[in-house]
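> sharing a sequence plus its predicted fold:
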Amino acid sequence: MRGDMEPRLQQFVRTVLLLHICWLWSVQCLSVRFTNQQSLYVIKGQNLILQAQIELLDGEHVAKVTWDHAAKTSGKTSTIAEFPRKISDERVTLEQQGATLKINGYQAADAGIYTVTVTDQSGLRRSAQRTVQEYLAVHHVSVMVNVSHLVLHCMETWGTEPTYTWLHEKVVVTEKVGHISADGTSLYVSGTFCGHFTCVVSNKLGHSSATYTAEACESTNRSTTAVVVFLLLILTLVVAALVFILWRRRRRLYNRRERLREPYEETL
């Protein structure tokens, strides 16, 4: 009994001393973290990969790594993988001595909070968490308008990482039409508020759009028609002038021939 207690006592003393040294010198003996703390979005059917950064002091080593999953739908927490133990779920694999978790064929039930807990040989434990969500397609795009301020607002229901593109009469909006907000959701019209304004929202899974129809751009149509009519009138006048010049030239040549013919006939 005494022989079993001595190794445990030595390990306890060693752990206490190590923690005291870390506290005294402000050294992080063991640390684990994710380089990106933002939520990870995964497309359904693709692979979920979580990679933790584990840092140890020289001479230390990882004794155990545990991955826990708190489901988003049910809130139930379960251990899905351990290192160095084997994993029962065929979809789950661990790499780099437990630092990297890979789940094949991501499903909606895999969403939630993932916690990785690392234990070193002295029993010291550190944990880190990251939220995983399903990457969703764009749905239900709509456009609202503030006529008094000439502002159009584009809204989308739940798509992941949406990007916004504005069109006016099926052409990408230019500075002549207006300027777009930094997030792309709003269009501030600086030109004539007329015609069709379309907001296209897209992400990795596709796109959807909505159109706001203002009054028809009559002034633009009229000016275009006037220009066309004016050009046709100018072209008609030019053609008429050319025809008249050619007619007069031909008439003069005919008169000359008549004059030359008359003296010749008298000599006969």
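Structure's in. What do you need? Numbering: from 1, shown residues only.
> what helix or strand is L231 on?
Using DSSP states H and E, L231 maps to helix 218-267.
> do T119 as well
Judged by DSSP H and E, T119 forms part of strand 112-120.
> check contacts around R249.
Contacts for R249 (Cβ atoms under 8 Å, 6 or more residues apart in numbering) come out as none. For the C-beta atoms, the positions are set from N, CA and C on the backbone; glycine is no exception.
> err, V228, not the other one
Counting by Cβ under 8 Å, 6+ apart, V228 has no contacts.
> and it, how far is that from T236?
13 Å (Cβ to Cβ, to the nearest Å).
> again, but for I180
I180 is 44 Å from T236, by Cβ to Cβ.
> more neighbours, those two?
I180 (18 against 10; other Cβ atoms under 10 Å).
> tell me what that one is bridged to.
I180 has these beta-bridge partners by DSSP bridges: L187.
> pull up the gap between it and A240, please.
For I180 relative to A240 (Cβ to Cβ), the value is 50 Å.
> note down every partner strand of the strand or helix carrying I49 and its orientation.
Counting by DSSP H and E, the element that carries I49 is strand 48-51. Strand 48-51 has its sheet partners listed here by DSSP bridges as strand 100-103 (antiparallel).
> go through the strand it pairs with and flag the buried ones.
Residues L101, I103 are the ones in strand 100-103 that count as buried (16 or more other Cβ atoms under 10 Å).
> check stretch 136-149 too.
L136, A137, V138, V141, V143, V145.
> quick check: the third one touching K204?
No: here V138 lies out of contact with K204, judged by Cβ atoms under 8 Å, at a distance of 9.8 Å.
> now do stretch 114-131, average pLDDT.
Average pLDDT, stretch 114-131: 94.
> what does that stretch rub up against?
Outside stretch 114-131, the residues touching it (Cβ under 8 Å, 6+ apart) are 11, 14-15, 18-19, 29-34, 36-37, 39-40, 50, 52, 54, 56, 60-70, 98, 101, 112-113, 132.
> filter those down to the buried ones.
15, 18, 29-30, 32-34, 40, 50, 52, 54, 56, 62, 64-69, 98, 101, 112-113, 132.
> all helices for the chain, in order.
2-24, 218-267 (DSSP state H).
> rank these by pLDDT, which is bottom?
For the helices of the chain, where the average pLDDT is lowest is helix 2-24, sitting at a mean of 53.
> follow-up on the earlier one: ok, the strand holding T119: who's next to it in the sheet?
By DSSP bridges, strand 112-120 pairs with strand 62-71 (antiparallel), strand 125-134 (antiparallel).
> how about L152, nearest residue that isn't a chain neighbour?
L187 (4.4 Å; Cβ to Cβ, 6 or more residues apart in numbering).
> pretty sure the one you found sits against V200.
No: L187 is beyond contact range of V200, at 11.9 Å (criterion: Cβ under 8 Å).
> show me the chain divided up by domain.
What automatic domain parsing lists as the domains of the chain is 2-134, 142-218.
> could you dump those to CSV with distance to R250?
What follows is the domains of the chain, written out as CSV (distance: least, Cβ to Cβ, whole Å):
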stretch, distance to R250
domain 2-134, 79
domain 142-218, 47
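> weakest of the ones you listed in terms of mean pLDDT?
Lowest mean pLDDT within the domains of the chain: domain 2-134, a mean of 84.
> how far does it sit from its chain's centre?
Put simply, domain 2-134 sits 31 Å off its chain's centre (Cα atoms, centre = their mean, to the nearest Å).
> hmm, back to that, who touches both of L187 and V200?
In contact with both L187 and V200: W166, using Cβ under 8 Å, 6+ apart.
> what's around the nearest residue to H207 once chain neighbours are set aside, how many residues?
Distances taken as Cβ to Cβ, 6+ apart put V200 closest to H207, at 5.8 Å, once the chain neighbours are dropped. Each residue near V200 was counted by other Cβ under 10 Å, and the total is 18.
> nice, that's everything, thank you.
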